[in-house]
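**Student:** Fold the following, please.
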Amino acid sequence: LRRRVWDLIPLGLELDMLWLHTMTLESVVDGFLVMEATTTHTGDVRKPAFARDALANGTVPTAAIARKLRVRVIDFAEERRRFCPNPHIRCYEALQRFLLLDMLFEVAGPDDIALVNDVDEFVRPSVVTMLRQCYPFDAYSHSPPYLSLRLSLFKFGVHCDHGAIFDLGARVFSVGTLMARYSGHARATRTEREAMSVAFTNTRSRPTVVPGIEHAGWHLTSFGAANHLAIKLRTFLHSNIFNSRERVAKGSLDVPRLERCIRWCLDLDKPSVGGVMPPCNGREDRASRHLPGIRRTNLASADLPGPLLHHRSRWPTSWFRFLDAP
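**Tutor:** Down below sits the predicted model:
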């Protein structure tokens, strides 16, 4: 039995991150299943189908990736009728992740492995190889339903290295477990389907109930220029934080503030009393919260995906911009 590995990826705006993800894992997975939508998670901002268009116009980075890449495009306005009786941002997030399972069930067998992660969460290739060779799910024992993966967190760019602290993301499932739990969703009621999709997404936020693998990969979050990050935070999942009148003061996504937070590796979304966001006026600003970890000035000892380190010119310069900043 050659056990296959499938990589499930919801895609928003980050096409470069998708190419880094696929270049990092192409040699060890059998297929990349990508789900993207015609709008953002706010439901009112149209967006291109980036991965689908790349397949159509031949701009996927390599032929090997193109052969393994499967893309589906959804329209939230249509699909929410089946899944989201009370449409909201988190339901759209859960829906986009959940519909990846339909793609998975079309191509996978019950003994295969599913990597469930965001586009900016990469499982280490050596970990994927280990999972394929040492299958951690045994139907005849009390094995866990899935495994949690602890990832090294880099935020804003390669200069903000927060260490192997992130475990609210990537998961590894046996496809058979997912089939047993969710393959009947087409026969469920709308409310039941919403509950299923939310339950599936909630596996990302429960790191303590299942075994985990340490140093299992990387989470490269909020990479890019400040103006691009502002768009993402206004229109995708995190917009539920930054659009909340109760929590966030006006100006929290002003580009100059984001630029300062990015430069100094300071927290974006921990408002003080009264909902006022910290100003991010430098490393010594007492009103702002330092993220854990170190602020790198070079990549000599950095633990990062190989294609990012070895083909630096291939990626946006904003990912590296503050490496040499004083």
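**Student:** show me where pLDDT drops low in this protein?
**Tutor:** Along the chain, segments meeting pLDDT under 70 span 1, 43-44, 87, 139-143, 206-209, 236-251, 270-275, 325-326.
**Student:** which residue is nearest the centroid of it?
**Tutor:** residue 118 (2.1 Å; Cα atoms, centre = their mean).
**Student:** for it, what are its contacts?
**Tutor:** 9-10, 169-170, 219 (Cβ atoms under 8 Å, 6 or more residues apart in numbering). No exception for glycine: its C-beta is placed from N, CA and C like everyone else's.
**Student:** Can you classify it by secondary structure?
**Tutor:** Three-state call for residue 118 (DSSP: H, G, I helix; E, B strand; the rest coil): coil.
**Student:** Only C-alpha atoms, please: export the helix or strand where residue 173 lies in CSV.
**Tutor:** Per DSSP states H and E, residue 173 falls inside strand 171-174. Taking C-alpha atoms only, strand 171-174 is exported to CSV below (Å, rounded to 0.1, in the frame of the first residue of the first chain):
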residue,chain,number,x,y,z
ARG,A,171,-3.8,19.3,11.7
VAL,A,172,-3.3,15.8,10.3
PHE,A,173,-6.3,13.5,9.8
SER,A,174,-6.8,10.1,8.5
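**Student:** Can you name the next helix or strand after it?
**Tutor:** Using DSSP H and E, the first helix or strand after strand 171-174 is helix 175-182.
**Student:** Contacts for that following helix, please.
**Tutor:** 6, 98, 101, 104-105, 108-114, 137, 139, 145-146, 196, 200.
**Student:** With stretch 189-199 instead?
**Tutor:** Against stretch 189-199 from outside (Cβ under 8 Å, 6+ apart): 81-85, 90-91, 94-95, 97-98, 181-182, 185, 188.
**Student:** again with stretch 78-85
**Tutor:** So stretch 78-85 is contacted by 43, 87, 91-92, 94-95, 98-99, 190-191, 193-194, 197 (Cβ under 8 Å, 6+ apart).
**Student:** Please flag which of these sit within strands.
**Tutor:** Using DSSP state E, no member of those sits in strands.
**Student:** Among those residues, the buried ones, what's the PyMOL command?
**Tutor:** Listed next is the PyMOL selection for buried residues among the contacts of stretch 78-85, using 16 or more other Cβ atoms under 10 Å:
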select buried, resi 43+91+92+94+95+98+99+193+194+197
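**Student:** Residue 13: neighbouring residues, count only.
**Tutor:** By the criterion of other Cβ atoms under 10 Å, residue 13 has 18 neighbours.
**Student:** what's the answer for residue 38, then?
**Tutor:** Neighbours of residue 38 (other Cβ under 10 Å): 14.
**Student:** Spatially, which residue comes closest to it, not counting chain neighbours?
**Tutor:** residue 75 (4.9 Å; Cβ to Cβ, 6 or more residues apart in numbering).
**Student:** List the contacts of that neighbour.
**Tutor:** So residue 75 contacts 37-39 (Cβ under 8 Å, 6+ apart).
**Student:** Throw these into a markdown table and include distance to residue 24 and secondary structure, thanks.
**Tutor:** Shown next, in a markdown table, are the contacts of residue 75 (distance: Cβ to Cβ, whole Å; DSSP: H, G, I helix; E, B strand; the rest coil):
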| residue | distance to residue 24 | secondary structure |
| --- | --- | --- |
| 37 | 24 | strand |
| 38 | 27 | coil |
| 39 | 28 | strand |
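**Student:** Just the buried residues out of the contacts of stretch 189-199, in PyMOL syntax.
**Tutor:** Here is the PyMOL command that selects the buried residues among the contacts of stretch 189-199 (16+ other Cβ under 10 Å):
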select buried, resi 82+83+84+91+94+95+97+98+182+185
